[in-house]
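A.B. asks: make a model of this:
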Amino acid sequence: MQDADPAEDGGDVKYTFISAILSTIPPSLWFSLIRTNPVIVYYHMVSDGDVAHVRHLYPYKNVRQFRSDIDFIAKHYTPVTLGEMIAHVKKGGPLPARALMMSFDDGFREHHDVIAPILLEKGVPATFFVNSGFVDNRALCFLQKASILVEKLERSRGHFFRAAVLDGTPLAGKSVDEVRDNLLSIPYESKEILDTVAQRLEVDFDAYLREHRPYLTTAQIKTLLRHGFSIGAHSIDHPLYSSLHLDEQVRQTVESMRFVRETFSLTYGAFAFPHKDYGISREFFCSLQDTGLVDVSFGTAGMIPDDIRGNLQRFSMEIPPLPADRIVALECARKLRRIAKGVDRIERR
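C.D. replies: Numbers count the residues shown, from 1 in each chain. Take a look at the predicted model:
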């Protein structure tokens, strides 16, 4: 539905060398070379601990690393609010030079407990995107389930792994390493396999939810709003949108948007695609516009403009696991590469 997946070179190791070189160049020179404004970044998790439901999915930064990132951002950019972004998109409102918007996906408890206090201390605004199906710890995302199961396997490596325990499942007859890799690659459409494996491995997801409370509660989200942060939707239960039919893409978006807007009495609507927005058609955006629920949406393709004016692209500050200056330099390298190849735009069909 669009050009070659812009995320295909995201976090690619071969560009880290370029980023290392670019990171030695003063940021003022980057800004003169890469005239991208605004810049939009996203994180998932910040923690000093080993978070079982995340640690096997992607790297995340500790508090010291995150503080360092925020210091870099505050020094070289002007953080802007979601409200300013919506005004810019819908009414052509001006943005400051070197504008940057911060966002956080998946609605983890650490957004309230760890991240928000640091942002408040530094005076940096942010938007937190939540999955409506997980607020108040009503259910676990299939991704978190996979990470928890891998954690169980990792912790039992010193014991005899009874492969027969998985007989009758798609993972039967596989080694521990093969089971681990397979668990992490199970798609949304086959997520029921994770529940079957959990029963065999004696992992109780409901108990995990009660004990660890991994997601934000309604009360915590209201506290974030009182502190001046903004909230958006991130789908119901985090599917890869390109694997869904159009009707289901719209349902996931509309139901999650209605939840956040009605539950928290929001006068604005922001949506962040789970995973990425590659393969999303122009028809989807037209259907979404007709609902009147979404003012602005966000993908994950980096410093690249989108044919859909109200769909803005972000880049990860976690992958690859580098300091903020190196990641920004890497995104600059990717931007220059796209310009050279003549593919510096997402074209929807």
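A.B. asks: so for stretch 292-311, mean pLDDT?
C.D. replies: Averaged over stretch 292-311, pLDDT sits at 95.
A.B. asks: also stretch 276-283?
C.D. replies: 95.
A.B. asks: again, but for stretch 208-217
C.D. replies: 98.
A.B. asks: which positions in that stretch come out as buried?
C.D. replies: Y208, L209, H212, P214, Y215, L216 (16 or more other C-beta atoms under 10 Å). Glycine gets a C-beta too; all of them are placed from N, C-alpha and C.
A.B. asks: surely the fifth one and H111 touch.
C.D. replies: No: with contact defined as C-beta atoms under 8 Å, Y215 does not reach H111; the gap is 9.3 Å.
A.B. asks: the nearest residue to E189 once chain neighbours are set aside and Y278, how far apart?
C.D. replies: Leaving out its chain neighbours, the residue that sits closest to E189 by C-beta to C-beta, 6 or more residues apart in numbering is S243, at 6.4 Å. For S243, the distance to Y278 equals 11 Å [C-beta to C-beta, to the nearest Å].
A.B. asks: in terms of neighbours, single out the busier of these two.
C.D. replies: Between S243 and Y278, counted using other C-beta atoms under 10 Å, the more crowded position is Y278 (21 against 13).
A.B. asks: measure how buried L288 is and give me the count.
C.D. replies: Residues near L288, counting by other C-beta under 10 Å: 23.
A.B. asks: oh sorry, the question was meant for K152
C.D. replies: Neighbour count of K152, defined by other C-beta under 10 Å: 16.
A.B. asks: wait, is it part of a helix?
C.D. replies: Yes: using DSSP: H, G, I helix; E, B strand; the rest coil, the assignment for K152 is a helix.
A.B. asks: can you map out the strands along the stretch 201-349 of the chain?
C.D. replies: 230-233, 270-272, 296-299, 311-313, 315-316 (DSSP state E, counting those that start in this stretch).
A.B. asks: need the helices for the stretch 101-250 of the chain, in chain order.
C.D. replies: Secondary structure of the stretch 101-250 of the chain (DSSP state H, counting those that start in this stretch): helices at 110, 116-122, 142-155, 176-184, 192-200, 205-212, 218-226, 246-263.
A.B. asks: of these, which is nearest L100?
C.D. replies: Nearest to L100, of all those, is helix 116-122, at 12.7 Å by C-beta to C-beta.
A.B. asks: show me which positions of the closest one end up buried.
C.D. replies: Residues A116, L119 are the ones in helix 116-122 that count as buried (16+ other C-beta under 10 Å).
A.B. asks: what do you get for stretch 186-193?
C.D. replies: I186, Y188, K191, I193.
A.B. asks: I'd like the average pLDDT over that stretch.
C.D. replies: Stretch 186-193 comes out at a mean pLDDT of 96.
A.B. asks: start at 864 instead
C.D. replies: That works, and once the first residue is 864, the last one we named lands at stretch 1049-1056.
A.B. asks: domain assignment for this structure?
C.D. replies: What the record gives for the chain is the domain set 869-1000+1077-1204, 1005-1072, from automatic domain parsing.
A.B. asks: for R1211, which of those domains is the nearest?
C.D. replies: That would be domain 869-1000+1077-1204 among those, by C-beta to C-beta, at 4.3 Å.
A.B. asks: off-centre distance for that closest one?
C.D. replies: 6 Å (C-alpha atoms, centre = their mean, to the nearest Å).
A.B. asks: pick out the residue closest to the middle of this protein.
C.D. replies: Geometric centre of the chain, nearest residue: D968, 4.2 Å, by C-alpha atoms, centre = their mean.
A.B. asks: return the residues in contact with it.
C.D. replies: If you count contacts by C-beta atoms under 8 Å, 6 or more residues apart in numbering, D968 has them with Y905, Y906, H907, F992, H1097, A1135, P1137.
A.B. asks: now which of these would you call buried?
C.D. replies: The neighbour-count criterion (16+ other C-beta under 10 Å) marks Y905, Y906, H907, F992, H1097, A1135, P1137 among the contacts of D968 as buried.
A.B. asks: low-confidence ranges in the stretch 914-1063 of the chain?
C.D. replies: Along the stretch 914-1063 of the chain, segments meeting pLDDT under 70 span 1020-1027.
A.B. asks: now I1049: phi and psi?
C.D. replies: For I1049, the backbone dihedrals (degrees, to the nearest 10) come out as phi -70, psi 130.
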